[in-house]
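Colleague: fold the following, please.
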Amino acid sequence: MNFANPVFVYASIWLTVLMLHSLRLLAVLVPANPASVFLIISTCVIFLLLFLALRLTNYAGSLSKPNHDETLINREVNFLEQTAKGLLIAWMLGTILTIVYSGGVPLYWMLKGSGRDYRDFGIPTFGGFIAAINTFLGVSYYILYHYKRRKKFLILMILMLLWPILVVSRGNFTYMLLEIVGAYLIINKGRLRTFAVMLVGLIAFVYIFGVIGDFRLGIENAAVFKKSILNQQYVEIADYLPSGLLYVYAYVTTPFNNVVYNIENLIPTYIPYYSTIFLLPSVVRGFFFTGGNYALEMVSETFNTFTFFAGYLKDFGLFFTIMIVTIIQGGSVLLYFKAMQGRIAYILAYSVAFQCLVLSVFNDNFTMQMSIFQIIYALYLGIRYKKMCKLNHGTENAA
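Modeller: Numbering: from 1, shown residues only. Next up, the predicted model:
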């Protein structure tokens, strides 16, 4: 069993969300309706059938044996190491520029009590580009550490993970961590040790997520906030629940809750508006999108996320949304099959798809520039590597 399998990832995440939502620990959660349940179950079933069809027809070489040739792997890893050196310089220069532009980092501001926070940090659009490089480097350093076992790569990976904490960005920290997990699962496949590492990693993630969340709100405000969002009969457990556990519960259930609240009253326009809103850089987005960023009505303004279904539902309705999601699922399966053959470029690309699938309960990261940049750049590296190999092969033949 490979825990990176996209069908397993998607189905386990969404069926868990359905179960957690049914508990209704939060006051804002409304009962699931037939349309919302149909959306989840149908996309899970279609994903499985799509995977099996592509697998059985050996599409994209899904039945091919993994590439275990050490020479080929070492060449590709060395190519990634050289690429990472250039990216690290670009990231460091961009980060220094951002710090100078912003006048410091959010964690320092908040510890100092300056009144500034993470919203005051960064350069529009440019900051997203730097965050994408940061995330790509984090995954690259994990892959390099796995194959070369040099401590410097492990240290660099940890430094990449620490940066989102310094800028108090739970989002970027989560993206990078999940992409590293995706790469780890592809490389290590379905070993028992893999499950144990996942479990420990999940516990650590929930704890760190809670710490960052408490810093963002302030310790006293966080305690009040936790009690305010719980259903009345669960208020007493707020003092005993780890902050991260409650935050994660809220983050995975309230976006789906907003879909449940709206799905039976949709009036699609059949114009790609909300489904494409995040494809444009933030500096020009306002010129093209004037109707606001929120596709659906919120149950509570405290929870303003809507899952990756929301934009498609608003623009195209339920059944066309299922068709669009099927296309996204197909792309994820193809990347997975290629990654399972051991190609480093595809491992990097699928790790992004893995992250997007996990966070599909929260947001449409498939259309986020940060994700698109990483997938395209990973595939571009694969093309460059192939050209380099052909050139070297031709040179060797000429010699």
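Colleague: ok, which stretches of the stretch 1-150 of the chain are helices?
Modeller: Using DSSP state H, counting those that start in this stretch, the helices assigned to the stretch 1-150 of the chain run over residues 6-23, 34-56, 70-102, 106-112, 126-148.
Colleague: so which of those helices is nearest C356?
Modeller: Among the helices of the stretch 1-150 of the chain, helix 6-23 comes nearest to C356, with 9.9 Å by Cβ to Cβ. Any C-beta I mention is one placed from the backbone N, CA and C, and that applies to glycine too.
Colleague: for the closest one, name the packing helices and strands.
Modeller: Applying 3 or more Cβ pairs under 8 Å, 6 or more residues apart in numbering; DSSP states H and E, we find helix 6-23 packed against helix 34-56, helix 243-262, helix 310-339, helix 344-358.
Colleague: ranking the ones you listed by mean pLDDT, which is last?
Modeller: Mean pLDDT is lowest for helix 243-262 out of the helices and strands packed on helix 6-23, coming in at a mean of 86.
Colleague: go through that helix and flag the buried ones.
Modeller: Neighbour-count burial for helix 243-262 flags 243-244, 246-262 (criterion: 16 or more other Cβ atoms under 10 Å).
Colleague: one more: stretch 274-282?
Modeller: Applying 16+ other Cβ under 10 Å to stretch 274-282 flags 274-275, 277-278 as buried.
Colleague: what stretches of this protein score poorly on pLDDT?
Modeller: Counting by pLDDT under 70, the chain contains low-confidence residues at 1, 60-72, 190-195, 209-210, 212-229, 234-243, 282-283, 286, 288-293, 392-399.
Colleague: identify the residues contacting L50.
Modeller: 326, 329-330, 333 (Cβ atoms under 8 Å, 6 or more residues apart in numbering).
Colleague: which of those ranks first by neighbour count?
Modeller: Neighbour counts for the contacts of L50 (other Cβ atoms under 10 Å) peak at V333, which has 25 neighbours.
Colleague: I figured that one hits P6, correct?
Modeller: Yes - between V333 and P6 there is a contact under Cβ atoms under 8 Å: 5.8 Å.
Colleague: need the overlap of contacts for the two.
Modeller: With Cβ under 8 Å, 6+ apart, V333 and P6 have common neighbours F51.
Colleague: do you know how far I41 is from L48?
Modeller: Distance of I41 to L48, given as Cβ to Cβ, to the nearest Å: 11 Å.
Colleague: let me fix that: G104
Modeller: 49 Å.
Colleague: cool, A339 as well?
Modeller: Distance from A339 to L48, by Cβ to Cβ: 19 Å.
Colleague: between these two, which has more neighbouring residues?
Modeller: Ranked by neighbour count (other Cβ under 10 Å), A339 and L48 place A339 first, with 27 against 15.
Colleague: name the nearest residue to C44, ignoring sequence neighbours.
Modeller: Computed as Cβ to Cβ, 6 or more residues apart in numbering, the closest residue to C44 that is not its neighbour in sequence is A11, at 4.5 Å.
Colleague: can you tell me how far the one you found is from I324?
Modeller: 18 Å.
Colleague: tally of neighbours for G138?
Modeller: There are 27 residues near G138, going by other Cβ under 10 Å.
Colleague: pretty sure it contacts M176?
Modeller: Yes - with contacts counted by Cβ under 8 Å, G138 reaches M176, the gap being 4.3 Å.
Colleague: got any residues that touch both of these two?
Modeller: Jointly contacting G138 and M176 under the rule Cβ under 8 Å, 6+ apart are 160-161.
Colleague: so Q341, which state does it fall into?
Modeller: Assigned with DSSP: H, G, I helix; E, B strand; the rest coil, Q341 falls in the coil class.
Colleague: residues near it, how many?
Modeller: Using other Cβ under 10 Å, Q341 has 16 neighbouring residues.
Colleague: how far away is it from S36?
Modeller: Distance from Q341 to S36, counting by Cβ to Cβ: 37 Å.
Colleague: check Y336 too.
Modeller: Per Cβ to Cβ, Y336 is found 27 Å from S36.
Colleague: likewise I372?
Modeller: Applying Cβ to Cβ, the value for I372 to S36 is 28 Å.
Colleague: which of the two has more neighbours?
Modeller: Using other Cβ under 10 Å, the more surrounded residue of I372 and S36 is S36, with 23 against 16.
Colleague: ok, V17 touching V252?
Modeller: Yes - the criterion here is Cβ under 8 Å, and V17 meets it with V252 at 5.5 Å.
Colleague: so what sits against both of those two?
Modeller: Listed as contacting both V17 and V252 by Cβ under 8 Å, 6+ apart are V361.
Colleague: tell me which residues touch the residue lying closest to Y273 once chain neighbours are set aside, please.
Modeller: Excluding its sequence neighbours, the residue lying closest to Y273 (Cβ to Cβ, 6+ apart) is D315, at 5.7 Å. Contacts for D315 (Cβ under 8 Å, 6+ apart) come out as 268-275, 295.
Colleague: again, only using 6 Å
Modeller: Listed by Cβ atoms under 6 Å, 6 or more residues apart in numbering, the contact set of D315 reads 272-275.
Colleague: neighbours of E81, how many?
Modeller: 17.
Colleague: my bad, should have said G201
Modeller: G201 sits with 14 neighbouring residues when counted by other Cβ under 10 Å.
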